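Participant: Dropping a prediction and its sequence here:
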Amino acid sequence: MATKMMADGTSEEIALVEGSVVDSLREVVGGWLEFVYFADGSILVINEEGKLEELPLNAAATWIAHMKKGISSDDCIVGNAVFVSANEARLLD
């Protein structure tokens with residue numbers, strides 16, 4: 001399972017199905033995929049052009065990225081994101 005984290009503050013668990021993972025993730029983030037990798041093997045998937053598109057701040061995803069030291073303290077995550085656990089990250093290889 002992965003967690004879909006919407007910019008409006010809502011979230012829900014989603015299943016990542018091998019073979020359709022990339023398409024599913026693109027649909028959630030609304031564009032090209034960018035990966036924020038964490039030391040524990042988990043990944044945050046975001047919209048690569050989110051800041052260029054002026055997408056809204058995603059406070060929850062930003063908090064996770066700061067806590068896991070995936071981005072600098074003066075950076076933020078915008079738009080919808082998907083948090084993928086280390087166990088599920090293998091599906092993104």
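Facilitator: That came in fine, so what should we check first?
Participant: ranges for the strands of the protein?
Facilitator: Counting by DSSP state E, one finds strands in the chain at the ranges 2-5, 11-14, 33-37, 43-47, 81-84.
Participant: and these as TSV, adding mean pLDDT, distance to L92 and mean neighbour count?
Facilitator: Placement of C-beta: from N, CA and C, glycine included. Below are those laid out as TSV (pLDDT from 0 to 100; distance: least, CB to CB, whole Å; neighbours: other CB atoms under 10 Å):
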stretch	mean pLDDT	distance to L92	mean neighbour count
strand 2-5	97	10	22
strand 11-14	96	14	12
strand 33-37	97	7	15
strand 43-47	97	7	25
strand 81-84	97	7	24
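Participant: Adding distance to G70 as columns, could you present these in CSV?
Facilitator: As requested, the strands of the chain are exported to CSV (distance: least, CB to CB, whole Å):
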stretch, distance to G70
strand 2-5, 14
strand 11-14, 18
strand 33-37, 4
strand 43-47, 6
strand 81-84, 11
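Participant: The ones you listed: which one's closest to A60?
Facilitator: Closest to A60 of the strands of the chain, according to CB to CB: strand 2-5, at 5.1 Å.
Participant: how far out from the middle of the chain is that closest one?
Facilitator: Relative to the centre of its chain, strand 2-5 is centred 7 Å away, using CA atoms, centre = their mean, to the nearest Å.
Participant: now do the same end-to-end measure for stretch 38-47.
Facilitator: Distance across stretch 38-47, first residue to last, is 17 Å (CA to CA, to the nearest Å).
Participant: Residues in contact with that stretch: which ones?
Facilitator: Outside stretch 38-47, the residues within contact range by CB atoms under 8 Å, 6 or more residues apart in numbering are 25, 28-37, 53, 55, 61, 64-65, 68-70, 77-86, 89, 92.
Participant: among those, which ones are buried?
Facilitator: With burial judged by 16 or more other CB atoms under 10 Å, the buried subset of those is 25, 28-29, 31, 33, 36, 55, 61, 64-65, 68, 70, 77-84, 89.
Participant: still on that earlier bit, in helices, which of the contacts of stretch 38-47 appear?
Facilitator: 25, 28-29, 61, 64-65 (DSSP state H).
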